[in-house]
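> structure here, sequence nowhere to be found:
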């Protein structure tokens, strides 16, 4: 039987993956190094250029392997010198080459935020919300040369509420994900433990990377689709519309009606302290919280006190 105190290399990029790194760091296992992508040099604030994973690694003196080319010989040699037992990946965003996976006696596992084979790809949480799924989950797979296509080791589901956005759903998935990660490690170390997953009636689908252009609201969509877009893109790129040369980001919305009306698409029907009611192709969307350029996120009732001229009834939003 293999030793239970594992030497780990971890690969990740965001707050979701940070929860796994933090848990592993304070566990009985040893995090020998992290693999991250290059810093985001386009951030205006220097402190935001480092990913949450890198900040944690610096704070806790964990070796950092940072590269934009996983096939680079220098990177390969760096990994060979660590002699880690397993590679654990969460929200890293790039395919790990076979030559790297073969360096680990236990191979690599990927913690993916969907019920595979549904929502393979870069943005599974967002696409689950966009598609109106009633549930999603966590799948831990044995990594291979294809994207999110390895053998499923462990899998648990999680319901999606109609008000969930990417932030709230990610928070719900984290404890489930940690459970799946440790159960998967146990299964790998103890072959007699049964795998736990169900793949019945799950249709394979792709969750492609989100683009900034996807966040521009098209008022000819039904209210239900626009509301899903707003909830899915709450972190990035954040849905927006144009009015009087202002680019307004929507931070919170709700649906007032699912019925078709005689108003024009994008027309402001009503303005009140509860929100701005806007007509869509089918249904009325209520905009509750927004962000005006250079300002903090505010509720509509706060905006109306100081910027009444921005929003006028019967104006068409673009």
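Structure received. Quantities reported herein were computed from a predicted structural model and do not represent experimental measurements.
> show me where this structure has helices.
15-25, 52-59, 73-80, 98-101, 124-130, 166-189, 223-232, 300-306 (DSSP state H).
> which elements pack onto the last one?
What it means is helix 300-306. strand 268-272, strand 284-291 (3 or more Cβ pairs under 8 Å, 6 or more residues apart in numbering; DSSP states H and E). All C-beta spots, glycine's among them, are computed from the backbone N, C-alpha and C.
> for stretch 215-227, buried residues please.
For stretch 215-227, burial by neighbour count (16 or more other Cβ atoms under 10 Å) applies to 215, 217, 219, 221-227.
> now do the same end-to-end measure for it.
12 Å (Cα to Cα, to the nearest Å).
> low-confidence ranges in the stretch 51-200 of the chain?
Applying pLDDT under 70 to the stretch 51-200 of the chain picks out residues 193-200.
> one step back: what's the closest of the helices and strands packed on helix 300-306 to residue 114?
strand 284-291 (27.1 Å; Cβ to Cβ).
> give me the average confidence score over that closest one.
Averaging pLDDT along strand 284-291 gives 96.
> swap in stretch 305-318?
Mean pLDDT, stretch 305-318: 82.
> ok, back up a step: need the helices and strands packed on helix 300-306 in a markdown table with mean neighbour count and distance to residue 75, can you?
Below are these laid out as a markdown table (neighbours: other Cβ atoms under 10 Å; distance: least, Cβ to Cβ, whole Å):
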| stretch | mean neighbour count | distance to residue 75 |
| --- | --- | --- |
| strand 268-272 | 16 | 54 |
| strand 284-291 | 21 | 39 |
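> could those strands be laid out in a markdown table, adding distance to residue 142?
Converted to a markdown table, the helices and strands packed on helix 300-306 look like this (distance: least, Cβ to Cβ, whole Å):
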| stretch | distance to residue 142 |
| --- | --- |
| strand 268-272 | 53 |
| strand 284-291 | 42 |
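> between these, which gets nearest to residue 156?
The nearest among the helices and strands packed on helix 300-306, by Cβ to Cβ, is strand 284-291 at 32.1 Å.
> relative to helix 223-232, how tilted is that closest one?
Here strand 284-291 points in a direction 20 degrees away from that of helix 223-232 (axes from the mean of the first three to the mean of the last three Cα atoms, to 10 degrees).
> what packs against strand 284-291?
Judged by 3+ Cβ pairs under 8 Å, 6+ apart, strand 284-291 is in contact with helix 223-232, strand 246-257, strand 275-279, strand 298-299, helix 300-306.
> most packed of the ones you listed?
strand 275-279 (a mean of 24; mean count of other Cβ atoms under 10 Å).
> what packs against that strand?
Using 3+ Cβ pairs under 8 Å, 6+ apart, strand 275-279 sits against strand 246-257, strand 268-272, strand 284-291.
> the same query, at a cut-off of 7 Å, please.
strand 268-272, strand 284-291 (3 or more Cβ pairs under 7 Å, 6 or more residues apart in numbering; DSSP states H and E).
> given that strand, what are its sheet partners and their directions?
strand 268-272 (antiparallel), strand 284-291 (antiparallel) (DSSP bridges).
> what angle separates it from strand 246-257?
On the basis of the same axes, to 10 degrees, strand 275-279 is oriented at 80 degrees to strand 246-257.
> could you pull up the residues touching residue 160?
By Cβ atoms under 7 Å, 6 or more residues apart in numbering, the contact list for residue 160 reads 128-129, 133-136, 169.
> residue 261 too?
279, 284.
> from residue 270, how far out is it?
Counting by Cβ to Cβ, to the nearest Å, the gap between residue 261 and residue 270 amounts to 12 Å.
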